[in-house]
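[1] Provide a 3D model corresponding to the input given below.
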Amino acid sequence: MKKVFLSICFTLIVSLGLYAHGNALADHSKIKELSSFIIMGELDLRTEKDISSSVKYRTLNHEGGMKVTVLEVLKNDVQDDKSGKWLYILLTAPMWVDNGDWIEKYQKFLIFLPDDMPVFNFEE
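    Numbers count the residues shown, from 1 in each chain. Here you go, the predicted structure:
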């Protein structure tokens, strides 16, 4: 009985966590300029709008995610054997990054968003 109760509690907690971030969008072909969404996971952030520029920060995979608005969809590409899109984004909420820095909102970054990384709370 205790295992069943714990299983039900775990299912509810996971469900509430997913609900808090809305539905996941797996089809990145819908992403265009001014789309906004939350990205969960670790991504490299470049401060220059140049694919060959060095990585300045790396996001943390935390419960709040990275809230962004797309300024420009640059191109489809393959990085580290993963297909995806290069996006120039505007950070719309502050966040911590892996080196311990606090990044304020309204900063612009270049990111590579892999096709297999879902986004949440998608708005066109």
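[2] how about the strands in the chain?
    Along the chain, counting by DSSP state E, strands occupy 24-25, 36-39, 44-45, 57-58, 66-79, 82-91, 95-96, 102-103, 108-114, 119-123.
[3] center of this structure - which residue?
    The residue lying closest to the centre of the chain (CA atoms, centre = their mean) is I39, at 1.7 Å.
[4] follow-up on the earlier one: need the strands of the chain in TSV with distance to I51, can you?
    Heads up, the C-betas are built off the backbone N, CA and C, glycines and all. Shown next, in TSV, are the strands of the chain (distance: least, CB to CB, whole Å):
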stretch	distance to I51
strand 24-25	23
strand 36-39	18
strand 44-45	11
strand 57-58	16
strand 66-79	8
strand 82-91	6
strand 95-96	22
strand 102-103	21
strand 108-114	7
strand 119-123	20
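[5] dump those strands to TSV, plus mean pLDDT.
    Converted to TSV, the strands of the chain look like this (pLDDT from 0 to 100):
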stretch	mean pLDDT
strand 24-25	89
strand 36-39	97
strand 44-45	98
strand 57-58	97
strand 66-79	97
strand 82-91	98
strand 95-96	96
strand 102-103	96
strand 108-114	98
strand 119-123	94
